[in-house]
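S.K.: Give the three-dimensional model of this entry:
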Amino acid sequence: MVELLVVIAIIGILIALLLPAVQAAREAARRISCASNLRQLGTAMHNYHSANGSFPFGAMTDNGYRFGAPEWPGIHTALLPFLERGEMAEGFDAVLEVYVAGQRVRPWYPNEHAGWLGTVRGNPVPCYLCPSDGLGGATKGVNGGSMGGPVLLPAANYLGLFSGINDGDAWADSENPSALPKERQAVFGINRGARIRDISDGTSCTLAMAEYLTGTPADVRGYPYTNRAGAKFLYASRTPNTSAPDLILANPIFCTATTNQPDKNLPCIPTPAETSNTVASRSRHPGGVQALLCDGSVDFFRDDIDAGLWQSMGWMCDGFPTGSIQE
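M.R.: Here you go, the predicted model:
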C-alpha cells in the first residue's frame, strides 16, 4: 500500500508539472494561428489596394452620417472577395443592391433583408476569429427586440484602427473632416480607406488592425456591423489589455452590469455620452495583443508598451514614425 501511494503521489506531481507546459504549448499554437489570421487579412488588404487604389473603407453610410443606412458594410465585408469567400460577398452585395434601390437595410431590421443568401447568415469566417477567445461565439446577432430579433453574422476579433481617440473623433473625421486634425487620422474612416501614399509615417510604423474580444453572447462587442466603439471601431488611445474599463454606450446590447466582466478582460462602463465611447485593444494572449501593420507584417505588442508610442502608431501621419516594434 505504501508503494502504491508513493507511485500515485509521483504521478500526481508529474501531472502537475506537465499540465502548465501543455497549456503553454497550446497557447503558443493558438497565438501562431492568430498571427496567421492577421497576415491573411494583411494580404487581403493589399490585394484590395491593388484592385481599388486604396485600403478598404472602414465603414459605409449615407452622406457620411454616422448611422446612415446601410451602416453594416465595412472592412470585414469589403475583404471577403480577397479571402476566397466570394459566395458571402455576393450575399452582402445582394443586400446592398436592395439598399441602392431605395430600401433601408441594416442587420437589426431582419424584415428588410429577407432575401439575403443563406451563405451570409450564421456562417462564420474563421480567419476573423482568434482561437484563444471564442467567448462571444463565431457568429453574433443583435437582440433587436421590436426591430425584429437577432441576425447572426460573422463575429470578428480583429478590428480596424479609426481616427482620433473616441467615437466623437471618428464621426467628426467623416461628417466634418476639418474638425479633426489630419495628424490624428488613422488608416480607416467612414466612407474612407487610406492610400499607401497617405501614410506619411510609414507603413511599417502604422497600425491597421488589432485584436479585440468578442465579448459575451449578449452584447455587440466583436459584431462589426454598427459604427460604434467595440463593434466596428478600435482606438489606440489606451494601451493593450488595460485595466481601465472601456467606455461603451449605456444600452442593453452594448454595456450593462451583466456585460461588464473585468475578470474576463471585458471591463466596461456604460456612458450616455456617445461621443466619448472608446475601447482598448484586448486579447486572451498572456502579456499583450497582436496587431497588423500597414505593410502586412504582424507584431506582438506588450501590455506595458509606452502609451504615447502606441497612440502614435495608431495615427498614420502625426509625424512620429516609430519603426517596427518586435517582441
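
S.K.: When you work out contacts or count neighbours from here on, use the C-alpha atoms and nothing else.
M.R.: Fine.

S.K.: The helix or strand hosting V7 packs against which elements?
M.R.: Using DSSP states H and E, the element containing V7 is helix 2-52. Here helix 2-52 touches strand 288-293, strand 298-302, going by 3 or more CA pairs under 8 Å, 6 or more residues apart in numbering; DSSP states H and E.

S.K.: 6 Å instead?
M.R.: Using 3 or more CA pairs under 6 Å, 6 or more residues apart in numbering; DSSP states H and E, no helix or strand is in contact with helix 2-52.

S.K.: the inter-axis angle of that helix versus strand 298-302?
M.R.: Angle of helix 2-52 versus strand 298-302, following axes from the mean of the first three to the mean of the last three CA atoms, to 10 degrees, is 120 degrees.

S.K.: Next secondary structure after helix 2-52?
M.R.: The helix or strand immediately downstream of helix 2-52 is helix 75-78, counting by DSSP H and E.

S.K.: to the chain's geometric centre, what's the distance from that next one?
M.R.: Per CA atoms, centre = their mean, to the nearest Å, the displacement of helix 75-78 from the mean C-alpha position of its chain is 11 Å.

S.K.: what do you get for stretch 300-315?
M.R.: Its chain's average C-alpha position is 17 Å from that of stretch 300-315, according to CA atoms, centre = their mean.

S.K.: Contacts for it, please.
M.R.: For stretch 300-315, the surrounding residues in contact (CA atoms under 6 Å, 6 or more residues apart in numbering) are 184-186, 205-207, 236-237, 239-240, 287-290, 327.

S.K.: Buried members of those residues into ChimeraX, please.
M.R.: Command for ChimeraX that selects the buried part of these, burial taken from 16 or more other CA atoms under 10 Å:
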select :184,185,186,205,206,207,236,237,239,240,288,289,290
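
S.K.: By mean pLDDT, flag the weakest helix or strand of the protein.
M.R.: The least trusted helix or strand in the chain, going by mean pLDDT, DSSP states H and E, turns out to be helix 86-100, with a mean of 69.

S.K.: And the next helix or strand past that one?
M.R.: Next along the chain after helix 86-100, taking DSSP H and E as the criterion, comes strand 139-140.

S.K.: Tell me the helices and strands packed up against that next one.
M.R.: By 3+ CA pairs under 6 Å, 6+ apart, strand 139-140 packs against strand 153-154.

S.K.: who's in contact with the strand it packs on?
M.R.: With CA under 6 Å, 6+ apart as the test, strand 153-154 has contacts from R121, G122, P124, T139, K140.

S.K.: burial of the last one, as a residue count?
M.R.: Pointing back at K140 there. 28 (other CA atoms under 10 Å).

S.K.: wait, it sits on L152?
M.R.: Yes: applying CA atoms under 6 Å as the test, K140 and L152 come out as touching, 5.0 Å apart.

S.K.: And what about the closest residue to R238 other than its chain neighbours, helix, strand or coil?
M.R.: Leaving aside its sequence neighbours, R238 sits nearest to A280 (CA to CA, 6 or more residues apart in numbering; 5.4 Å). Classification of A280 by DSSP: H, G, I helix; E, B strand; the rest coil places it in coil.

S.K.: looking at this, M313 is in a helix?
M.R.: Yes: M313: assigned to a helix according to three-state DSSP.

S.K.: Run a quick neighbour tally on it.
M.R.: M313 has 28 neighbours, counted by other CA under 10 Å.

S.K.: so what's R192 up against?
M.R.: Neighbouring residues of R192 by CA under 6 Å, 6+ apart: F57.

S.K.: mind redoing it with 10 Å?
M.R.: S54, F55, P56, F57, G58, A59, M60, G64, G74, D173, S174 (CA atoms under 10 Å, 6 or more residues apart in numbering).

S.K.: go on, G58?
M.R.: Residues in contact with G58 (CA under 10 Å, 6+ apart) are 73-78, 159-162, 187-194, 227, 232-233.

S.K.: Those in helices, which ones?
M.R.: Taking DSSP state H, the ones among the contacts of G58 that sit in helices are I75, H76, T77, A78.

S.K.: ok, those residues vs L129, which is closest?
M.R.: Closest approach to L129 among these (CA to CA): H76, at 11.7 Å.

S.K.: Does that closest one touch P124 like I think?
M.R.: No: between H76 and P124 there is no contact under CA atoms under 10 Å: 11.6 Å.

S.K.: you'd agree D93 is up against P70?
M.R.: No: counting by CA under 10 Å, D93 stays clear of P70, with 11.5 Å between them.

S.K.: Comparing the two, which shows the higher neighbour count?
M.R.: Set D93 next to P70 and count neighbours by other CA under 10 Å: P70 wins out with 22 against 17.

S.K.: can you give me phi and psi for the more buried one?
M.R.: Dihedral angles of P70 (phi, psi; degrees, to the nearest 10) stand at phi -90, psi -20.

S.K.: Could you measure from it over to S200?
M.R.: Distance of P70 to S200, given as CA to CA, to the nearest Å: 31 Å.

S.K.: Show the pLDDT at the residue nearest the centre of the chain.
M.R.: Geometric centre of the chain, nearest residue: L159, 2.1 Å, by CA atoms, centre = their mean. On pLDDT, L159 comes in at 97.
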